[in-house]
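Peer 1: give me a model of this one.
(chains A and B)
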Amino acid sequence: MEKVIGQRLASTAPRSRRSSGFIAPHLDWVTILLYFLLVSLGWMNIYAAVYSPDNVVNILSFDINSGKQLAWIGASFLLILVLLVVDYKVYEHLAYPIYGFIILLLLVTLVVAKPIAGSRSWLDLGAGIRLQPAELAKFATALAASRFLGSTNLRQQNFKDQMILAAITFVPPVIIVLQNETGSALVFAAFILAYFREGMSPLILIVGGSAAAIFILTLLVPKLYLIAGVTILMALATWLDYRLLRRFKIMIGLWMVVVGMIFSVDFFVNDVLQPHQQNRIKALINPEADPLGYGWNVTQSKIAIGSGGFWGKGFLEGTQTKFDFVPEQSTDFIFCTIGEEHGWVGSTILIALFLLLLIRIVNIAERQKSVFARTYGYCVASIIFFHFLVNVGMTIGLAPVVGIPLPFFSYGGSSLWSFTILLFILIAIDANRAKDLAR
Amino acid sequence: MKYLETRKYIIQGIFLVVGIVFATRLFYIQVVDSSYKQAAETNAIKPIIQYPFRGLIYDRNGKLLVQNTPVYDLMVVPKDVKNLDTLRLAELVKLPLEHVRERLKKARSFSYVQPSPFYQKLSTQEFAYIQNNLIDFPGFHINARTARGYPHQSLGHALGYIAEISPRQLEDSAYNGYRPGDYIGKAGIELEYEKYLMGQRGVKYKMVNVRGVEKGSFREGAFDTLAVAGENLVSTIDLDLQAYGEYLMDGAKGSIVAIEPATGEVLAYVSAPFYDPNLFTGKDYGKNYMELLQDSNKTMFNRPIMADQNPPGSVFKLTQALIALQEGVISPNTTFACNRSLVNCHNHPSPLNLYGAVQHSCNPWFYQAYRLLINQGKSKNTFTDTAIGLKEWREQVLSFGFGKQLGIDIPGEKKGIVASTDLYDRVYGKNRWKYSTIYSLSIGQGELGVTPLQMANFAAIIANRGYYITPHIIRSVGEEGKPLKEYREKHRTSVDSKNFDPIVEGMAEVVRAGTGRKANLAKVGIEVAGKTSTAQNPQGPDHAVFIAFAPKVNPKIAIAVYVEHGKWGGQSAAPIAGLMIEQYLTDTVTMKVQEKWVLSREYLNIRSK
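Peer 2: Numbering: from 1, shown residues only, chains lettered A, B, ... in the order given. Next up, the predicted model:
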């Protein structure tokens, strides 16, 4: 069955120079262009975020984040060259060793890392350089999971195989939670999307999505309204499709589960979560409850974005995003700078760029011939999507404050490198897909 | 599996929907809703913290124990600091130049935009002087808040103190919600009841323009929150009694703990030497604290709950007699001869029954009674029999609150020591020790350690004829507070009520005509029951101990007095107990002879035998 899809897609693939070692003509230049666009826009916005009109520092200065980020970007280009030159087969062959190594690195970090702001996730490499292995775990897990799904003797319906896949996916986030980096661990939920494409039951996606939706809605909407809404929605569904009446008991059961969930959210928030996590959730519902803590972030972030208006205030003209009014200005809350200085137009263009990139990656994934390559492509799209969803969502008050960066945009070497590796492994595999046919 | 290909569109569809939702939401925030623009137009919103009043503490009669007094902090917002003349600032606050630079650096490292304390606890004069000059120092402002104040000089050890939260606490998630510069309970009641006393911080949002001039409140104060004052506490302490206790102990070392037996309420809590709690409120707090911490008299040592190394001495004979009665190995009429070949004693009539033995504190009598208690013949092997006896005996001793934390609401309570089979097994080896090894326990010496609080609690147990309520120093929380739940439960000892009667009679004899005569209050019509003790002290003269309760019928106060190096309980501790009881029960002191004797400290010169 796989072969059929592969051959059909092969007809659209470039045929020439199949065996040549020179891959430049096969590279997906649209994706690469989008990457460069995002990285350079990010860099300029990092400068804008740390820019102070009283004390103008050159954008290249190493004293400020933009200067440092430029060094990270330069290093990323080297990284890209390496990723493209290396034999593309390595990624599939070494998927498990890489994964094992990263797990080891995560465990070592857990033991030796000194806590920074409560998190034990930074590995000190000396010379002031610190590495966050949790960032690297994303591409390693994507490789291992894709390799596993692509193995020829895999049977999707086999319970044992399903469990192995679950273990590959969820061992890294468990260690990352132990490092107190809950935000980075949440990202691994994104893999569900890639597995869905490979044949996982849509039920998991629907149930998971609905549960998340109910959770957030419960926090935002009064319980009674929500219950009334769910009841009306289900009645409407029954009215539209009278066959559901025959499953009356199941419908009632479902209704009770949903209502039960609505009521258990309070318990979960107040009794299960740690205080700092509670605060982030509460800031979403009512930013004024903890106005100096997380509520402060959300309120200030919304003021900054909201003050941008339709056209924005102009590059370096923002007033709210300077001086750390919004904390984590150049890292997790970088979107505020765009919102303030470039307005609705700029924000929407950025959103469009991300959508273009995501849709392009999915298309790239679909034109791969091996399950490994296709799954990996979907993993890349899912991870970037999850970061985009949560990061932008929190700055505009639609998601709780979770400290994860905006891909290619936020300041920080670990994050930039991790996304660069993630994306360019896919581009390298894609550029060589014609060779796969020869196999 | 071709149908899976269509899932591509579902996934891309999800991406698109999220993008559209975001763009819509942004359109609402950025274009439709104009309130964010207004907020930004005034350039900045400045949160101004409204510090809550910390809860007050009253004594049992409504007298103020702890109040709040205004203090002023000089705050700095690094972002607003412009053209700073560091030298002039150093002159203004009278600090060396390096200190000023250091403090500025510290403030910057905390936050560039949020205010942090630059110089704390200015006196009113300093405040006025600095306030007048502040106009030349943009970025600096004065923040008024309150510090603790005490309209008296008593009770320092129990009240504890508050101080700036430590960097380590700030990192701990248990202290979420505290910020640098906040004050937090560090010891005593202030620590134990922090969550009630602290109250809730409020925030006012002021809109500020580019030049830092306030432009009114943000959205008419819709987001402002008021500070909520902390809850007031009502203590069980009688401030007059407390102050009188400290007056009597001034210059001596030791403890007084007085308890109302029926409720477990602590009436007086003296740890001598004591200190004026006002020392910990001003700017010199750090200096004063270090001085007290390092002084040779160990002033900061909270003796009533922490001095657990001393054996109880003769008072413990009462515990032994109670357990022996309960076990049925003796009766009130059991007589033993004062056989000094067993253990040394002093001159008194012999042989004696239980009442006499208590009154005269006869050592050989208790040696023999305790042997009956430990060696009940439950095993034929004398070693095993002793181990069984000790184990059962220990259980009963623990029921009197010895060897464990009583659970008083003052942090740092020690549990003391009660000899156990494990302890002797470790020292001598299993089955290598018997009664002749452990007999000193019979007279309250040896492997025993009790705190003054446990002693006072023991007095309360006898006063109650068999039970105690966990001693506590806070009666209720809040305006119409009820007694706290954990302080209403009766803890029964293993000994039946009826077995206490002979002990009470014996104790009454001690005060009427025995070693405790200096606590006798017959003149004012109060019948006191008590027992003297000498706690052996390897580091110098023995400590004098006296426990008592009064009146004998329906007791209102139980008390334990420790005078370090006071040698004889009857000479040094008993008169203090008597005076305290009279003060509490009659509100006056008529026993001026005893008072003079106590204040003269002559008992410290009595030669030990």
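
Peer 1: and the residue of chain A closest to chain B?
Peer 2: A:Gly306 (2.6 Å; CB to the nearest CB). Where you see a C-beta, it was placed from the backbone N, CA and C, and this is true even at glycine.

Peer 1: ok, and the closest non-adjacent residue to that residue?
Peer 2: B:Tyr36 (2.6 Å; CB to CB, 6 or more residues apart in numbering or on different chains).

Peer 1: how much space between the closest residue to chain A within the stretch 501-609 of chain B and B:Thr493?
Peer 2: Nearest residue of the stretch 501-609 of chain B to chain A: B:Ala560, at 41.7 Å (CB to the nearest CB). Distance check for B:Ala560 against B:Thr493: by CB to CB, to the nearest Å, it reads 17 Å.

Peer 1: which one's more surrounded, the two?
Peer 2: For B:Ala560 and B:Thr493, the more surrounded residue by other CB atoms under 10 Å in any protein chain shown is B:Ala560, and the numbers stand at 31 against 26.

Peer 1: from B:Ala321, how far off is the more buried one?
Peer 2: Counting by CB to CB, the gap from B:Ala560 to B:Ala321 is 18 Å.

Peer 1: could you do B:Arg426 as well?
Peer 2: Using CB to CB, B:Arg426 is found at 29 Å from B:Ala321.

Peer 1: out of these two, which sits in the busier spot?
Peer 2: When B:Arg426 and B:Ala321 are compared for neighbours, B:Ala321 comes out ahead with 27 against 10, by other CB under 10 Å.

Peer 1: which ones are touching the more buried one?
Peer 2: Taking CB atoms under 8 Å, 6 or more residues apart in numbering or on different chains, we find B:Ala321 in contact with B:330, B:354, B:357-358, B:366, B:369, B:502-503, B:506.

Peer 1: now do the SS call for the residue lying closest to A:Tyr99 once chain neighbours are set aside.
Peer 2: Excluding the flanking residues, the one nearest A:Tyr99 by CB to CB, 6+ apart is A:Ala144, at 3.7 Å. Three-state assignment for A:Ala144 (DSSP: H, G, I helix; E, B strand; the rest coil): helix.

Peer 1: ok, A:Ala144 - contacts?
Peer 2: Counting by CB under 8 Å, 6+ apart, A:Ala144 has contacts A:95-96, A:98-99, A:168.

Peer 1: closest to the centroid, which residue in chain B?
Peer 2: Nearest to the geometric centre of chain B sits B:Ile410, at 2.4 Å (CA atoms, centre = their mean).

Peer 1: hang on, it packs against B:Gly185?
Peer 2: No. At 11.5 Å, B:Ile410 does not count as touching B:Gly185 under the criterion of CB atoms under 8 Å.

Peer 1: need the overlap of contacts for the two.
Peer 2: Counting by CB under 8 Å, 6+ apart, the common neighbours of B:Ile410 and B:Gly185 are B:160, B:192.

Peer 1: now B:Val100: how far from chain A?
Peer 2: Separation of B:Val100 from chain A (CB to the nearest CB, to the nearest Å): 21 Å.

Peer 1: and that residue, what does it touch?
Peer 2: With CB under 8 Å, 6+ apart, B:Val100 has these contacts: B:86, B:89-90, B:93.

Peer 1: by neighbours, which of those residues wins?
Peer 2: For these, the largest neighbour count, defined by other CB under 10 Å, is 25 neighbours, found at B:Leu89.
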